[in-house]
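# 3D model of this:
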Amino acid sequence: MLYGGYQHNIDKKGRLAIPSKLRDEFGDTFIICRGIYGKRCLCVYSMERWEELVEKIESLPKAKSSVLKRFLFDGAFNVEFDTQGRILIPAVLREYASLETEAHLIGMGSNLEIWNNDLWIEEDAKQTPESIAEIGASLEF
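Here you go, the predicted model:
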């Protein structure tokens, strides 16, 4: 399971180090793509989780699945770790997520999100303890 928040630099070639704690979850080859949840972040999925996501998309009505697949697949890339545990984020994805020199990584359970640090700070600031409590109240835990 992926969890935790991490601050890392992106080098001039667009490479980002992924903490070793998270790398084991992804295997040799995995997918990086634009996030589909209405935020300008990137998502990283193991091949297994990617295939599960694609299956769920396929189960949608054709008109909706086509729109979602075009958005998702157009910006999806196979990636792998280099010898130093870094991934190369394709330029088109760096541009989409406004990633230049710093990134905030968040383990989201089944996938990893990669955010522009400033955008993450803005997004995180939108949540208050009260708004989180309201969401949490719907859990039966």
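
# packing partners of the helix or strand of the chain with the lowest mean pLDDT?
Least confident helix or strand of the chain, by mean pLDDT, DSSP states H and E, is helix 20-23 with a mean of 88. Other helices and strands packing on helix 20-23, by 3 or more C-beta pairs under 8 Å, 6 or more residues apart in numbering; DSSP states H and E, are strand 2-9. Quick note: C-beta positions are derived from backbone N, CA and C, even for glycine.

# switch the cut-off to 10 Å
In terms of contacts (3 or more C-beta pairs under 10 Å, 6 or more residues apart in numbering; DSSP states H and E), helix 20-23 is packed against strand 2-9, strand 102-109.

# buried stuff in that helix?
Buried residues in helix 20-23, counting neighbours by 16 or more other C-beta atoms under 10 Å, are found at Leu22.

# give me the residue at the spatial middle of the chain.
Cys43 (1.9 Å; C-alpha atoms, centre = their mean).

# give me the mean pLDDT for the helix or strand that the least confident helix or strand of the chain is followed by.
Going down the chain from helix 20-23, the next helix or strand is strand 30-34, by DSSP states H and E. In this model, strand 30-34 carries a mean pLDDT of 97.

# please name the nearest non-neighbouring residue to Val44.
Excluding its sequence neighbours, the residue lying closest to Val44 (C-beta to C-beta, 6 or more residues apart in numbering) is Leu112, at 4.1 Å.
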